[in-house]
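> fold the stuff below for me.
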Amino acid sequence: MEAVIAVFALLFVLLVALGAYATVKAVGAAKRSVDRGISQARRTVEDHTLRAKSLAQTGAAGELAQLRLKLRTSMRATQDALNAAAAEDESVKESIGLFERLSVHGHELDGELKRLESEPDRTALRERLPELRERTERITQSADALRWAIRDRAHRFAGDDLDTLSAQIDVEAGALRHWTTTDAAPASAQGTPEAQGAGQAAAPQPTGRPWPDAPAADAPAAGQTRPGTVQSGPEQGPVTRPAITAPAPRPTYPWQKKPRPESTT
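I've put the predicted structure just below:
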């Protein structure tokens, strides 16, 4: 009895632990989903704010907003392209490592541009703009080059697969139209000189002097009579007599049944 109680207690503890683990995993997944949604919403709001500043403000503040918007757009597009390609091509893992190193410089530049937006000294800000512009250009060019290389690679693979598929479809289409080749082969063979020569060679040719026809089996020669006939005289025709005697009627016995007449209905 104590063993049964211990087993039930152990099962209860296992169920409770399993339920707690599942709850923690579900809460963690929900939290990560919420965090992703908040981060996405924050990025969207910040991008719209930067776009509005780049259009509304002039001078150094407007140019800072343009640089940040350009940097963020290029880096995000490259990151999405890498994540999409990594699911299908394992060779992109090295490119992801390079992009992570580039992202360190991108985040550093974005943070610096964000801090300079609240810089009160506009003269010092204008002096630093060329250097900030050059760094932004270098990072975005590297990100764009990596992104376009991944897209070209995907398009190349898609083109090769399409070429192979087109060749296989052409072969299959030719196999499905095999009756055109089988119908055209005899027709073309009949029109060739070899086929015509073969047909002429197959035709029968007369061989030498023709032989006289053999006498008919049922036509007796002159002065001869068929077996079984009696010549009555020179003026009378031959009298035919039966060559075989007609069979005698078969005896009947009283125990035999009489044959039934065939029905006419």
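
> when you work out contacts or count neighbours from here on, use the C-alpha atoms and nothing else.
Fine.

> so which elements touch the strand or helix carrying residue 39?
Element membership for residue 39, per DSSP states H and E: helix 2-56. Packed against helix 2-56 by the contact rule (3 or more Cα pairs under 8 Å, 6 or more residues apart in numbering; DSSP states H and E) you find helix 59-86.

> next, the angle helix 2-56 makes with the helix it packs on.
Helix 59-86 and helix 2-56 meet at an angle of 140 degrees, taking axes from the mean of the first three to the mean of the last three Cα atoms, to 10 degrees as the criterion.

> what residues of helix 59-86 count as buried?
60-72, 74-75, 78-79, 81-82, 85-86 (16 or more other Cα atoms under 10 Å).

> mean confidence for it?
Averaging pLDDT along helix 59-86 yields 89.

> past that helix, which element shows up next along the chain?
Heading C-terminal from helix 59-86 (DSSP H and E), you reach helix 93-116.

> got the domain boundaries for this protein?
1-56, 58-172 (automatic domain parsing).

> going by mean pLDDT, which of those domains comes out lowest?
domain 1-56 (a mean of 80).

> contact partners for residue 74?
Residue 74 sits next to 140, 143-144 when contact means Cα atoms under 8 Å, 6 or more residues apart in numbering.

> now residue 60: closest residue in space that isn't a chain neighbour?
Spatial nearest neighbour of residue 60, excluding adjacent residues (Cα to Cα, 6 or more residues apart in numbering): residue 126 at 6.1 Å.

> just the contacts of residue 74 now: which is nearest residue 97?
Minimum distance to residue 97 across these is 12.6 Å, recorded for residue 143 (Cα to Cα).

> quick one: neighbours of the residue nearest to residue 60, just the number.
Applying other Cα atoms under 10 Å, we find 14 residues neighbouring residue 126.

> repeat for the one 4 residues further on
Each residue near residue 130 was counted by other Cα under 10 Å, and the total is 11.

> again, but for residue 43
Neighbours around residue 43, by other Cα under 10 Å: 13.

> out of the contacts of residue 74, which is nearest to residue 161?
residue 144 (25.7 Å).

> compute the inter-axis angle for whichever helix or strand residue 160 is part of and helix 93-116.
Using DSSP H and E, residue 160 sits in helix 122-176. Counting by the same axes, to 10 degrees, helix 122-176 lies at 150 degrees to helix 93-116.

> okay, the domains of the chain, which one's buried deepest?
domain 58-172 (a mean of 15; mean count of other Cα atoms under 10 Å).

> related to what we said a few turns ago, out of the domains of the chain, flag the one nearest residue 179.
Using Cα to Cα, the nearest of those to residue 179 is domain 58-172, at 13.4 Å.

> between the two ends of that closest one, how far is it?
65 Å (Cα to Cα, to the nearest Å).

> for the residue nearest to residue 50 when sequence neighbours are not counted, give me its contacts.
Leaving aside its chain neighbours, residue 50 sits nearest to residue 65 (5.3 Å; criterion: Cα to Cα, 6+ apart). Counting by Cα under 8 Å, 6+ apart, residue 65 makes contact with 50-51, 53-54, 117.
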